[in-house]
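Trainee: Have a look at this prediction, sequence included:
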Amino acid sequence: MPHDPPHDPNTSAAPATARPADGANPVTVEVTRGGIVESRHRGSAVIVDGRGAVQAAWGDIQRPIYPRSAIKALQALPMVETGAADAYGFGPRQLALACASHNGEALHVETVTGMLSAMGLDESALECGSHWPYAEADAHALAAQGKAPDQRHNNCSGKHAGMLALASHLGVDPKGYTDQRHPVQQRMMGTIESMTGLDLGRAAVGIDGCSVPTWAIPLENLAFAFAKLGTGEGMPDARADAARRLVAACLQEPFMVAGTGRFCTDFMDATAPRIFVKTGAEGVFCAAVPAYGLGVALKCDDGAGRAAEVMLVAVLRSIGVLDDVPDETVRRFLEVAIENRRGTHVGEIRPAHGWLAF
C-alpha cells in the first residue's frame, strides 16, 4: 500500500524516527593516528524510497538543514523540462556541468564558455562571483600567466549557465537571476517543493556561496527527492524524463560533476554506472540509486567533508549496492588513508564501530 511522503515540518507533526535518546546524533566517523582515535564526527543519515517510506535512519533526519550544492540536479530540472537545454544544444557534458561543483579545470571552463556562447552571452552575465580553481595545477597555471580567475572558474558556473539558459528560454530578463524573487528562482523553488513534498514558503532561507537562495530542508525530504530523481516515480512525464537525462549525464560524464582527485568523480567512476552522488558544503551528501529505487541524504554535524564522504560509502554499502564492487575499491573510499607530508601512512578515516546497526 502506498506510503505518505516525508512530513512537512512547517505544517504537520513529525512521525517517529530513529532519533538518539540523548538528543545527540551518533558518532558516525572516527579518525585514527598512532593506534588511537584522534577525532570523532557525529552525523545523521537516511534512506528513503520513491513512495516516501523511510527504509533506515540514523540520527535526527527531520531537522531542516541547508543542502547547499547537493541539490544542483534538482535545480537543473526546469532547464531540461522546459526545453531550454535542447534549445541551446546542451548534451550530456553540459547537463552534467549544470549539476556540478567543479574544479575549474580547462574542460570545465571551456564547456561553460560554450554554454554561454550558445545563448549569445559571455562571462559577465554570470552572477556567481569568482574564485581560484580548486585544481591546484590550473590555479598555478593562471597565476604563472599573470591572470586572475573569472566567474567561469567558480565551481558553480555550470549551474549558473543553466539558470541563464532557463531565463533566456522563458523570455525573462536574465539580470538578477540569482535573486529569490526572480522567475528563475521561483521556478526552481516550486520544483524543489514538488520533489521534496514541502511548502518552502515558510522555510528558513539563506544565501549560498554562489549567491542563489538555499532553503532549509530535512534530510528525510532530501532523500525522498533523490529517490524520485533516480526513478521518476510520482513525477509528470516531462520532469521524469528530465531527471533521467540529468542522472544519466552525470553518470556518463562524472569528470564534469567535480574533476581530478574529487570524491564525486572518483566514486562514480569506480562504481559506474549505478549511483549518482553529489556533495554539498558543510558536510552534506545526497545520492540516487535508481536500480534500488532509493535516495540517500546525510549531514556531518561539524560540516566536515572528509567524514561525509565516508558516511555516504558506509550507508551505500549497508544497502548492498556495493556488493559487486571489488573490496579493495570499496575500502579505498571507506577506510581513507591519512599520510603526512612525506607520504608516510599515519592513520585513517573510517566508519565508527557499530553506528550502522539497525
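Mentor: Here it is on my side, so go on.
Trainee: what about dumping the CA coordinates of stretch 301-314 to PDB?
Mentor: What follows is stretch 301-314 as a C-alpha-only set of coordinates in PDB (Å, rounded to 0.1, in the frame of the first residue of the first chain):
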ATOM      1  CA  ASP A 301      27.200  17.800  12.100                       C
ATOM      2  CA  ASP A 302      30.500  19.700  12.100                       C
ATOM      3  CA  GLY A 303      30.500  20.200   8.400                       C
ATOM      4  CA  ALA A 304      33.500  18.000   7.600                       C
ATOM      5  CA  GLY A 305      33.500  16.800   4.100                       C
ATOM      6  CA  ARG A 306      36.000  14.100   4.900                       C
ATOM      7  CA  ALA A 307      33.500  12.500   7.300                       C
ATOM      8  CA  ALA A 308      30.500  13.000   5.000                       C
ATOM      9  CA  GLU A 309      32.300  11.000   2.200                       C
ATOM     10  CA  VAL A 310      33.000   8.000   4.400                       C
ATOM     11  CA  MET A 311      29.400   8.200   5.800                       C
ATOM     12  CA  LEU A 312      28.000   8.000   2.300                       C
ATOM     13  CA  VAL A 313      30.000   5.000   1.300                       C
ATOM     14  CA  ALA A 314      29.100   3.200   4.600                       C
END
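Trainee: The top strand by length along the chain - contacts with which helices or strands?
Mentor: Longest strand in the chain by number of residues (criterion: DSSP state E): strand 36-49. Using 3 or more C-beta pairs under 8 Å, 6 or more residues apart in numbering; DSSP states H and E, the elements in contact with strand 36-49 are strand 27-33, strand 54-58, helix 219-231, strand 294-300, helix 305-319. Just so you know, the C-beta spots here come from the backbone N, C-alpha and C atoms, and that holds for glycine as well.
Trainee: can you redo these as CSV with mean neighbour count and mean pLDDT?
Mentor: Putting the helices and strands packed on strand 36-49 into CSV (neighbours: other C-beta atoms under 10 Å; pLDDT from 0 to 100) gives the following:
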stretch, mean neighbour count, mean pLDDT
strand 27-33, 20, 98
strand 54-58, 20, 97
helix 219-231, 29, 98
strand 294-300, 29, 98
helix 305-319, 23, 97
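Trainee: Which of these sits closest to M79?
Mentor: helix 219-231 (14.4 Å; C-beta to C-beta).
Trainee: Can you check what angle separates that closest one from strand 54-58?
Mentor: In terms of direction (axes from the mean of the first three to the mean of the last three C-alpha atoms, to 10 degrees), helix 219-231 departs from strand 54-58 by 130 degrees.
Trainee: quick one, helix 219-231 and strand 36-49 angle?
Mentor: Going by the same axes, to 10 degrees, helix 219-231 makes 60 degrees with strand 36-49.
Trainee: next helix or strand past helix 219-231?
Mentor: Downstream of helix 219-231, the first helix or strand assigned by DSSP states H and E is helix 237-252.
Trainee: of all the helices and strands packed on strand 36-49, which lies closest to L116?
Mentor: Of all the helices and strands packed on strand 36-49, helix 219-231 comes closest under C-beta to C-beta, at 26.1 Å.
Trainee: tell me how far the closest one is from the chain's mean position?
Mentor: 12 Å (C-alpha atoms, centre = their mean, to the nearest Å).
Trainee: try stretch 336-354
Mentor: With C-alpha atoms, centre = their mean, you get 25 Å for stretch 336-354.
Trainee: Can you show me the CA trace of that stretch as CSV?
Mentor: Provided in CSV are the C-alpha atoms of stretch 336-354 (Å, rounded to 0.1, in the frame of the first residue of the first chain):
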residue,chain,number,x,y,z
VAL,A,336,40.7,6.6,3.8
ALA,A,337,44.4,6.6,4.4
ILE,A,338,45.9,9.7,6.1
GLU,A,339,49.5,10.5,5.0
ASN,A,340,51.9,13.1,6.3
ARG,A,341,53.9,15.5,4.2
ARG,A,342,56.5,12.8,3.5
GLY,A,343,53.9,10.3,2.3
THR,A,344,54.0,8.1,5.4
HIS,A,345,50.8,6.4,6.4
VAL,A,346,49.9,7.8,9.8
GLY,A,347,46.2,7.0,10.2
GLU,A,348,42.8,6.6,8.6
ILE,A,349,39.3,8.0,8.4
ARG,A,350,36.8,5.2,8.9
PRO,A,351,33.2,4.5,10.0
ALA,A,352,32.8,4.4,13.7
HIS,A,353,32.3,0.9,15.0
GLY,A,354,28.6,-0.1,15.3
